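Asks: Structure of the sequence below:
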Amino acid sequence: MLWRDADGVARAAHRGCPHRGADLSLGRVAGGELECPYHGFRYAADGTCTAIPCEGRDARIPPKLRLQTRMVVEEHGLLWLFAGDEATPTRPWIEGLPEDTREVASRELQWDVPLSRVIEGMVDIHHLAFAHRRVIPNSLTRLDPYDAHFDAAGILRSEGVIRRDAPGASGWNFIMDIAPPSLLAIGLGQRSSPSSIGLVACCPIDDHHTWITFRYAVRSRWSWLGRLLSELSVTAELRLVQVDDHRLLRTSLPRDPDSPQHQLVHADKAAGLWHGWRRRAMRRVSLPLAPTPHAAPPLLSASQ
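Replies: Residues are numbered from 1 along each chain as shown. Just a heads-up that it's a prediction; the model follows:
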(Lines give C-alpha, C1' and ligand atoms only; values in the text may rest on other atoms or scores of the structure.)
Protein backbone atom coordinates (compact mmCIF):
# COMPACT_ATOMS: atom_id res chain seq x y z
CA MET A 1 0.00 0.00 0.00
CA LEU A 2 1.00 3.64 -0.53
CA TRP A 3 0.72 6.77 1.54
CA ARG A 4 2.40 10.14 2.13
CA ASP A 5 4.16 11.04 5.36
CA ALA A 6 4.03 14.39 7.15
CA ASP A 7 6.51 15.88 4.66
CA GLY A 8 4.46 14.71 1.67
CA VAL A 9 7.00 12.01 0.76
CA ALA A 10 5.54 8.90 -0.84
CA ARG A 11 5.93 5.70 1.23
CA ALA A 12 5.17 2.06 0.52
CA ALA A 13 4.59 -0.94 2.79
CA HIS A 14 2.87 -4.29 2.97
CA ARG A 15 -0.72 -3.58 3.86
CA GLY A 16 -1.10 -6.24 6.54
CA CYS A 17 -0.70 -4.86 10.07
CA PRO A 18 2.08 -6.85 11.81
CA HIS A 19 -0.10 -7.00 14.93
CA ARG A 20 -2.96 -9.16 13.64
CA GLY A 21 -3.05 -8.63 9.90
CA ALA A 22 -5.67 -5.90 9.54
CA ASP A 23 -5.71 -4.15 6.16
CA LEU A 24 -3.89 -0.87 6.74
CA SER A 25 -5.28 0.60 3.51
CA LEU A 26 -8.59 0.84 5.38
CA GLY A 27 -6.93 2.98 8.07
CA ARG A 28 -5.77 6.57 7.97
CA VAL A 29 -2.67 8.75 8.01
CA ALA A 30 -2.30 10.65 11.30
CA GLY A 31 0.65 12.97 11.74
CA GLY A 32 2.34 11.33 8.78
CA GLU A 33 2.07 7.88 10.37
CA LEU A 34 -0.14 4.95 9.41
CA GLU A 35 -2.86 4.18 11.91
CA CYS A 36 -4.37 0.71 11.90
CA PRO A 37 -8.17 0.77 11.49
CA TYR A 38 -8.62 -2.20 13.85
CA HIS A 39 -6.68 -1.36 17.05
CA GLY A 40 -5.07 2.02 16.33
CA PHE A 41 -1.46 0.81 16.27
CA ARG A 42 0.71 3.43 14.54
CA TYR A 43 3.68 3.02 12.21
CA ALA A 44 6.28 5.58 11.17
CA ALA A 45 7.56 5.97 7.61
CA ASP A 46 10.41 3.50 8.25
CA GLY A 47 7.97 0.87 9.59
CA THR A 48 8.70 1.41 13.29
CA CYS A 49 5.68 0.95 15.55
CA THR A 50 5.23 4.16 17.56
CA ALA A 51 2.04 3.53 19.49
CA ILE A 52 0.02 0.67 21.02
CA PRO A 53 -3.06 2.42 22.43
CA CYS A 54 -4.30 -0.61 24.39
CA GLU A 55 -1.00 -0.72 26.33
CA GLY A 56 -0.88 3.02 27.07
CA ARG A 57 1.57 5.78 26.21
CA ASP A 58 4.46 4.16 28.07
CA ALA A 59 4.00 0.76 26.43
CA ARG A 60 7.10 -1.28 25.71
CA ILE A 61 6.98 -1.89 21.98
CA PRO A 62 8.42 -5.26 20.86
CA PRO A 63 11.20 -4.82 18.24
CA LYS A 64 9.56 -7.40 15.98
CA LEU A 65 6.35 -5.35 15.87
CA ARG A 66 7.50 -3.59 12.73
CA LEU A 67 5.83 -2.85 9.40
CA GLN A 68 7.63 -4.23 6.33
CA THR A 69 8.35 -1.28 4.03
CA ARG A 70 9.59 -0.98 0.44
CA MET A 71 11.61 1.67 -1.35
CA VAL A 72 9.51 4.01 -3.45
CA VAL A 73 10.67 6.92 -5.62
CA GLU A 74 8.49 9.60 -7.19
CA GLU A 75 9.54 10.77 -10.65
CA HIS A 76 7.79 11.93 -13.83
CA GLY A 77 4.43 11.98 -12.02
CA LEU A 78 4.72 8.25 -11.27
CA LEU A 79 5.63 6.25 -8.20
CA TRP A 80 8.32 3.61 -8.69
CA LEU A 81 8.21 0.70 -6.26
CA PHE A 82 11.33 -1.43 -5.78
CA ALA A 83 11.32 -4.95 -4.42
CA GLY A 84 15.10 -5.38 -4.47
CA ASP A 85 17.81 -4.20 -2.12
CA GLU A 86 19.75 -1.81 -4.39
CA ALA A 87 20.80 1.40 -2.68
CA THR A 88 20.20 3.50 -5.84
CA PRO A 89 18.10 1.45 -8.27
CA THR A 90 17.59 2.73 -11.78
CA ARG A 91 14.17 3.80 -13.04
CA PRO A 92 13.22 2.75 -16.56
CA TRP A 93 12.39 5.78 -18.69
CA ILE A 94 12.23 6.66 -22.38
CA GLU A 95 13.36 10.11 -23.44
CA GLY A 96 10.59 12.10 -25.10
CA LEU A 97 7.74 10.64 -23.06
CA PRO A 98 5.24 13.27 -21.94
CA GLU A 99 5.71 14.57 -18.42
CA ASP A 100 2.80 15.05 -16.03
CA THR A 101 1.88 18.61 -17.06
CA ARG A 102 -1.32 20.52 -17.77
CA GLU A 103 -0.90 19.96 -21.51
CA VAL A 104 -1.27 16.17 -21.30
CA ALA A 105 -4.29 13.97 -20.60
CA SER A 106 -4.22 10.90 -18.35
CA ARG A 107 -6.52 7.97 -17.57
CA GLU A 108 -6.30 4.74 -15.58
CA LEU A 109 -7.64 1.22 -16.08
CA GLN A 110 -7.65 -2.06 -14.18
CA TRP A 111 -7.89 -5.19 -16.31
CA ASP A 112 -8.49 -8.80 -15.34
CA VAL A 113 -5.59 -9.70 -17.64
CA PRO A 114 -2.04 -10.83 -16.67
CA LEU A 115 0.81 -8.41 -17.34
CA SER A 116 2.33 -10.57 -20.08
CA ARG A 117 -0.88 -10.45 -22.14
CA VAL A 118 -1.20 -6.70 -21.62
CA ILE A 119 2.34 -6.12 -22.92
CA GLU A 120 1.67 -8.33 -25.94
CA GLY A 121 -1.38 -6.28 -26.78
CA MET A 122 0.32 -2.92 -26.31
CA VAL A 123 3.23 -3.66 -28.70
CA ASP A 124 1.04 -5.33 -31.34
CA ILE A 125 0.56 -3.24 -34.49
CA HIS A 126 -0.82 -5.76 -36.99
CA HIS A 127 -4.09 -6.39 -35.11
CA LEU A 128 -5.45 -2.90 -35.73
CA ALA A 129 -7.57 -3.49 -38.85
CA PHE A 130 -9.21 -6.58 -37.32
CA ALA A 131 -9.58 -5.94 -33.59
CA HIS A 132 -10.48 -2.28 -34.10
CA ARG A 133 -12.40 -2.40 -37.38
CA ARG A 134 -14.88 0.14 -35.99
CA VAL A 135 -12.25 2.91 -36.10
CA ILE A 136 -9.37 1.61 -38.29
CA PRO A 137 -9.74 1.16 -42.08
CA ASN A 138 -10.00 -2.57 -42.75
CA SER A 139 -7.67 -2.23 -45.73
CA LEU A 140 -4.64 -1.53 -43.50
CA THR A 141 -3.59 -5.14 -43.04
CA ARG A 142 0.07 -5.26 -44.16
CA LEU A 143 2.79 -4.44 -41.64
CA ASP A 144 5.77 -3.50 -43.77
CA PRO A 145 8.40 -2.30 -43.12
CA TYR A 146 8.68 -3.43 -39.50
CA ASP A 147 11.49 -4.21 -37.08
CA ALA A 148 12.17 -4.52 -33.35
CA HIS A 149 15.41 -4.63 -31.40
CA PHE A 150 17.01 -3.77 -28.06
CA ASP A 151 19.23 -0.70 -28.22
CA ALA A 152 22.45 -0.12 -26.25
CA ALA A 153 20.49 1.36 -23.33
CA GLY A 154 18.30 -1.74 -23.02
CA ILE A 155 15.18 -0.12 -24.53
CA LEU A 156 13.12 -2.39 -26.78
CA ARG A 157 12.54 -0.29 -29.89
CA SER A 158 9.91 -1.26 -32.47
CA GLU A 159 8.57 0.64 -35.46
CA GLY A 160 6.47 -0.20 -38.46
CA VAL A 161 4.08 1.00 -41.14
CA ILE A 162 0.59 -0.49 -41.31
CA ARG A 163 -0.69 -0.13 -44.89
CA ARG A 164 -2.67 -1.67 -47.73
CA ASP A 165 -1.18 -4.83 -49.25
CA ALA A 166 -0.35 -3.17 -52.56
CA PRO A 167 2.95 -2.13 -54.17
CA GLY A 168 3.99 1.37 -53.12
CA ALA A 169 1.01 1.86 -50.78
CA SER A 170 1.52 4.36 -47.97
CA GLY A 171 0.17 3.96 -44.48
CA TRP A 172 0.48 4.94 -40.83
CA ASN A 173 3.85 4.87 -39.10
CA PHE A 174 3.73 3.56 -35.52
CA ILE A 175 6.40 3.61 -32.81
CA MET A 176 6.07 1.20 -29.88
CA ASP A 177 8.99 1.15 -27.44
CA ILE A 178 9.35 -0.56 -24.05
CA ALA A 179 11.62 0.28 -21.14
CA PRO A 180 11.46 -3.09 -19.34
CA PRO A 181 9.65 -4.31 -17.53
CA SER A 182 6.50 -2.40 -18.46
CA LEU A 183 6.85 1.26 -19.40
CA LEU A 184 5.84 1.97 -23.00
CA ALA A 185 6.10 4.84 -25.45
CA ILE A 186 3.52 4.74 -28.24
CA GLY A 187 3.87 7.26 -31.05
CA LEU A 188 2.19 8.05 -34.36
CA GLY A 189 4.37 9.47 -37.12
CA GLN A 190 8.10 9.47 -37.77
CA ARG A 191 10.40 8.68 -34.83
CA SER A 192 12.31 11.95 -35.31
CA SER A 193 9.16 14.07 -34.93
CA PRO A 194 6.03 12.11 -33.99
CA SER A 195 2.72 13.96 -34.29
CA SER A 196 1.56 12.40 -31.02
CA ILE A 197 3.24 10.50 -28.24
CA GLY A 198 1.69 8.47 -25.45
CA LEU A 199 2.96 6.92 -22.23
CA VAL A 200 1.55 3.61 -21.07
CA ALA A 201 2.68 2.30 -17.69
CA CYS A 202 1.59 -1.16 -16.57
CA CYS A 203 1.85 -2.64 -13.10
CA PRO A 204 0.81 -6.17 -12.07
CA ILE A 205 -1.76 -6.15 -9.27
CA ASP A 206 -1.51 -9.92 -8.93
CA ASP A 207 -1.03 -12.89 -11.27
CA HIS A 208 -4.31 -12.21 -13.05
CA HIS A 209 -4.87 -8.43 -12.91
CA THR A 210 -2.97 -5.42 -14.24
CA TRP A 211 -3.19 -1.70 -13.54
CA ILE A 212 -2.62 0.54 -16.58
CA THR A 213 -2.22 4.28 -16.92
CA PHE A 214 -2.30 6.22 -20.18
CA ARG A 215 -0.77 9.68 -20.70
CA TYR A 216 -1.25 11.34 -24.09
CA ALA A 217 0.32 14.45 -25.57
CA VAL A 218 -0.71 15.76 -29.01
CA ARG A 219 1.66 18.39 -30.41
CA SER A 220 0.22 21.80 -31.32
CA ARG A 221 1.51 25.36 -31.55
CA TRP A 222 -1.28 26.37 -29.18
CA SER A 223 -1.16 24.73 -25.73
CA TRP A 224 -4.94 24.86 -25.26
CA LEU A 225 -5.49 23.02 -28.55
CA GLY A 226 -2.87 20.45 -27.68
CA ARG A 227 -4.59 19.84 -24.36
CA LEU A 228 -7.99 19.48 -26.05
CA LEU A 229 -6.65 17.09 -28.67
CA SER A 230 -4.86 15.09 -25.97
CA GLU A 231 -8.10 14.73 -24.01
CA LEU A 232 -10.00 13.65 -27.12
CA SER A 233 -7.27 11.17 -28.04
CA VAL A 234 -7.06 9.45 -24.67
CA THR A 235 -10.86 9.35 -24.37
CA ALA A 236 -11.18 7.76 -27.80
CA GLU A 237 -8.39 5.31 -26.95
CA LEU A 238 -10.19 4.03 -23.86
CA ARG A 239 -13.74 4.02 -25.26
CA LEU A 240 -13.12 2.84 -28.82
CA VAL A 241 -9.82 0.95 -28.80
CA GLN A 242 -8.94 -0.48 -25.40
CA VAL A 243 -12.37 -2.06 -24.91
CA ASP A 244 -11.64 -4.27 -27.94
CA ASP A 245 -8.16 -5.14 -26.66
CA HIS A 246 -9.53 -6.02 -23.23
CA ARG A 247 -12.18 -8.31 -24.70
CA LEU A 248 -9.64 -10.22 -26.78
CA LEU A 249 -6.79 -10.35 -24.26
CA ARG A 250 -8.84 -11.55 -21.28
CA THR A 251 -10.18 -14.48 -23.32
CA SER A 252 -6.81 -15.52 -24.84
CA LEU A 253 -5.32 -18.82 -23.68
CA PRO A 254 -3.18 -19.57 -21.81
CA ARG A 255 -3.87 -16.59 -19.59
CA ASP A 256 -0.21 -15.95 -18.73
CA PRO A 257 1.78 -17.01 -21.81
CA ASP A 258 5.40 -17.31 -22.75
CA SER A 259 6.32 -16.93 -26.41
CA PRO A 260 7.37 -20.60 -26.99
CA GLN A 261 3.75 -21.55 -26.33
CA HIS A 262 2.71 -19.81 -29.56
CA GLN A 263 3.82 -19.73 -33.20
CA LEU A 264 5.00 -16.16 -33.62
CA VAL A 265 5.54 -14.41 -36.95
CA HIS A 266 7.85 -11.54 -37.87
CA ALA A 267 5.19 -8.97 -36.96
CA ASP A 268 5.27 -10.33 -33.38
CA LYS A 269 9.01 -9.68 -32.99
CA ALA A 270 8.64 -7.08 -30.22
CA ALA A 271 6.45 -9.41 -28.15
CA GLY A 272 8.91 -12.27 -28.62
CA LEU A 273 11.86 -10.11 -27.56
CA TRP A 274 10.00 -8.94 -24.45
CA HIS A 275 9.19 -12.53 -23.47
CA GLY A 276 12.87 -13.38 -23.87
CA TRP A 277 13.83 -10.49 -21.60
CA ARG A 278 11.24 -11.64 -19.06
CA ARG A 279 12.59 -15.20 -18.98
CA ARG A 280 16.13 -13.96 -18.41
CA ALA A 281 15.02 -11.56 -15.68
CA MET A 282 13.05 -14.26 -13.88
CA ARG A 283 16.11 -16.50 -13.84
CA ARG A 284 18.14 -13.72 -12.20
CA VAL A 285 15.71 -12.54 -9.53
CA SER A 286 12.55 -13.64 -7.81
CA LEU A 287 9.27 -11.88 -8.63
CA PRO A 288 8.44 -9.05 -8.77
CA LEU A 289 11.04 -8.30 -11.39
CA ALA A 290 12.10 -4.80 -10.24
CA PRO A 291 10.71 -1.34 -10.61
CA THR A 292 7.14 -1.09 -11.79
CA PRO A 293 5.39 2.25 -12.03
CA HIS A 294 2.19 3.36 -10.35
CA ALA A 295 0.45 6.67 -10.82
CA ALA A 296 0.65 9.45 -8.27
CA PRO A 297 -1.04 10.46 -6.01
CA PRO A 298 -0.94 7.38 -3.76
CA LEU A 299 -3.84 5.78 -1.96
CA LEU A 300 -3.65 7.49 1.42
CA SER A 301 -2.62 11.03 2.24
CA ALA A 302 -2.22 13.01 5.41
CA SER A 303 -5.65 14.55 4.88
CA GLN A 304 -7.38 11.20 5.26
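Asks: the helices in the protein, which residues?
Replies: Under the criterion DSSP state H, helices of the chain are mapped to 115-122, 128-131, 223-236, 242-249, 269-284.
Asks: Tell me, please, where in the stretch 201-304 of the chain the pLDDT is lower than the cut-off.
Replies: In the predicted model, the stretch 201-304 of the chain carries pLDDT under 70 at residues 285-304.
Asks: what's in contact with stretch 241-248?
Replies: Residues outside stretch 241-248 that contact it (C-beta atoms under 8 Å, 6 or more residues apart in numbering): 109, 111, 113, 121, 127, 131, 132, 134, 135. All C-beta spots, glycine's among them, are computed from the backbone N, C-alpha and C.
Asks: how close does the third one sit to residue 95?
Replies: So the one you mean is residue 113. Distance, residue 113 to residue 95, by C-beta to C-beta, to the nearest Å: 29 Å.
Asks: When those two are compared, which one has more neighbours?
Replies: Using other C-beta atoms under 10 Å as the criterion, residue 113 and residue 95 rank with residue 113 on top: 25 against 8.
Asks: one step back: drop anything exposed from the contacts of stretch 241-248.
Replies: 109, 111, 113, 121, 127, 131, 132 (16 or more other C-beta atoms under 10 Å).
Asks: what is the second one paired to in the beta sheet?
Replies: Note on residue 111: beta-bridge partners by DSSP bridges are residue 210.
Asks: any idea how far residue 136 is from it?
Replies: The spacing between residue 111 and residue 136, counted by C-beta to C-beta, is 21 Å.
Asks: So if we follow the domain assignment, how does this structure break up?
Replies: Domain assignment for the chain, taken from automatic domain parsing, gives 2-82, 105-284.
Asks: if I look at residue 185, how far off is residue 198?
Replies: 7 Å.
Asks: can you check residue 280 too?
Replies: Using C-beta to C-beta, residue 280 is found at 27 Å from residue 198.
Asks: Equivalent analysis for residue 115, please.
Replies: Taken as C-beta to C-beta, the span from residue 115 to residue 198 is 19 Å.
Asks: mind listing what the residue lying closest to residue 279 once chain neighbours are set aside touches?
Replies: Closest residue to residue 279 apart from its sequence neighbours, by C-beta to C-beta, 6 or more residues apart in numbering: residue 258 at 6.8 Å. With contacts defined as C-beta under 8 Å, 6+ apart, residue 258 is in contact with 116, 275, 278, 279.
Asks: what about 10 Å?
Replies: Each residue near residue 258 by C-beta atoms under 10 Å, 6 or more residues apart in numbering is listed here: 116, 275, 276, 278, 279, 282.
Asks: Could you pick out the buried ones from the residues you listed?
Replies: 116, 275, 278.
Asks: which residues touch the first one?
Replies: When you say that, I think you mean residue 116. Going by C-beta under 10 Å, 6+ apart, the list of residues near residue 116 reads 182, 204, 210, 249, 254-259, 271, 274-275, 278.
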